[in-house]
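Peer 1: Return a 3D structure for these sequence lines:
(2 chains)
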Protein chains: 2
Amino acid sequence: MNYYAHPLCRLITEISRLPGIGEKTAARIAFHILSCSKEQVLDLAQAIARVKEEITLCTSCFTFTDDDPCRICRDLSRSSEVICVVETPGDLIALERSGVFKGKYHVLHGVLSPLSGIGPENLRIKELIARVEKGGVREIILATNPTVEGGTTALYLSKLLKPFSIRVTRIAQGVPMGGDIEYLDEVTLGKAIEGRTEI
Amino acid sequence: MNYYAHPLCRLITEISRLPGIGEKTAARIAFHILSCSKEQVLDLAQAIARVKEEITLCTSCFTFTDDDPCRICRDLSRSSEVICVVETPGDLIALERSGVFKGKYHVLHGVLSPLSGIGPENLRIKELIARVEKGGVREIILATNPTVEGGTTALYLSKLLKPFSIRVTRIAQGVPMGGDIEYLDEVTLGKAIEGRTEI
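Peer 2: Numbers count the residues shown, from 1 in each chain, chains lettered A, B, ... in the order given. The predicted structure follows:
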């Protein structure tokens, strides 16, 4: 890194800290930034500096928002009776893109992971229970990822929610759209057979 | 993009303008930035904003530098008799990494490309000629890329430099280290045979 002038070296170091970006890509991006106009560079720098100030967590569902409560929690056309529990705000957006779910969300901000030292107290679990205790909730859909941690978290939440006589469901596991049965893993195919539905 | 809060949407748009970064990677980086501490985010934003102010072109070799003339042009232990001509500051750094070349550089900032409307007047060619005219140069090494445009630019420069009775050389073309002869293209192998050396 000694080959670069100091401010360039500093920029490459900062960029290479971002996820999925190695030193070579970071250098390519830094050279690109140097070739941009001053306005374009300041737009990027401001967008980065401001996002942290302007984005907060919605006090109801805990997704990222610039307006509290967030647009989804404020939306009166969406049912408050069904809450879909997700790991991250990114998962929420992916589900929103499908356009199928018309209820409210709850973002945990992680999954239970004893190996990484993440327990129930590190997630937004007590806030979820508080929402259920307030009443008016008919169903909780557990949409954590189909991983060991995601499954464990869903199981943990289902037990925690048992005392409240509400429906607790888990998103379906099976073959994804466009998938090739020949090359899908055996666990997915097993789940697809187990979860088969009448047509 | 309507699913994101406005400042987040703006950040994702800005990041996805960088080379090699699509919308999904941009969203991943934006979520990462939101999860960083305020200091880390400001460090990144400042590194981007400052690089454009602090980095200029060396008035001798035209590489990026924060100090004019640049560290290489100032280095008295390096010969000023040999100038290595490269397309970009990135190429200069790659050659510096090899540690073999101990002369000075000259960065063209591009290659001749009539289709993209880039002619000799858009490159730092007259500045190279001025350096040669000042005297003291014994050899020019043309280290433009082994592409059609790079080759054309090298040929153009070699003709331009003919009136000055100095040595003009082109970097060797052949099989790269670790390459597999079975899978190398025929042009590279042809050049490797033509350029064979005694051992």
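Peer 1: Run through the residues that contact the residue nearest the centre of chain A.
Peer 2: By CA atoms, centre = their mean, chain A has its centre lying nearest to A:T88, at 2.0 Å. Under the criterion of CB atoms under 8 Å, 6 or more residues apart in numbering or on different chains, the contact list for A:T88 reads A:107, A:109-110, B:31. (C-beta placed from N, C-alpha, C; glycine too.)
Peer 1: Now, those that are in strands?
Peer 2: A:V107 (DSSP state E).
Peer 1: Flag every buried residue along the lowest-mean-pLDDT helix or strand in chain A.
Peer 2: Using mean pLDDT, DSSP states H and E, the weakest-scoring helix or strand in chain A turns out to be helix A:186-194, at a mean of 89. Within helix A:186-194, the residues that count as buried by 16 or more other CB atoms under 10 Å in any protein chain shown are A:188, A:191-192.
Peer 1: export it as CSV, just CAs?
Peer 2: In CSV, the C-alpha atoms belonging to helix A:186-194 read as follows (Å, rounded to 0.1, in the frame of the first residue of the first chain):
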residue,chain,number,x,y,z
GLU,A,186,-31.6,-33.6,-0.3
VAL,A,187,-32.8,-31.6,2.7
THR,A,188,-34.7,-29.1,0.5
LEU,A,189,-36.3,-32.0,-1.5
GLY,A,190,-37.2,-33.8,1.7
LYS,A,191,-38.9,-30.7,3.0
ALA,A,192,-40.7,-30.3,-0.4
ILE,A,193,-42.1,-33.8,-0.2
GLU,A,194,-43.1,-33.5,3.5
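Peer 1: so what are the domain limits for chain A?
Peer 2: Following automatic domain parsing, one finds the domains of chain A at A:6-54, A:75-174+A:184-194.
Peer 1: Now tabulate the ones you listed in TSV and tack on distance to B:E139.
Peer 2: Converted to TSV, those look like this (distance: least, CB to CB, whole Å):
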stretch	distance to B:E139
domain A:6-54	28
domain A:75-174+A:184-194	56
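Peer 1: Out of the ones you listed, which is the most enclosed?
Peer 2: domain A:6-54 (a mean of 18; mean count of other CB atoms under 10 Å in any protein chain shown).
Peer 1: end-to-end on it?
Peer 2: End-to-end distance for domain A:6-54, by CA to CA, to the nearest Å: 31 Å.
Peer 1: what's the offset of it from the middle of its chain?
Peer 2: Between the centre of domain A:6-54 and the centre of its chain there are 24 Å (CA atoms, centre = their mean, to the nearest Å).
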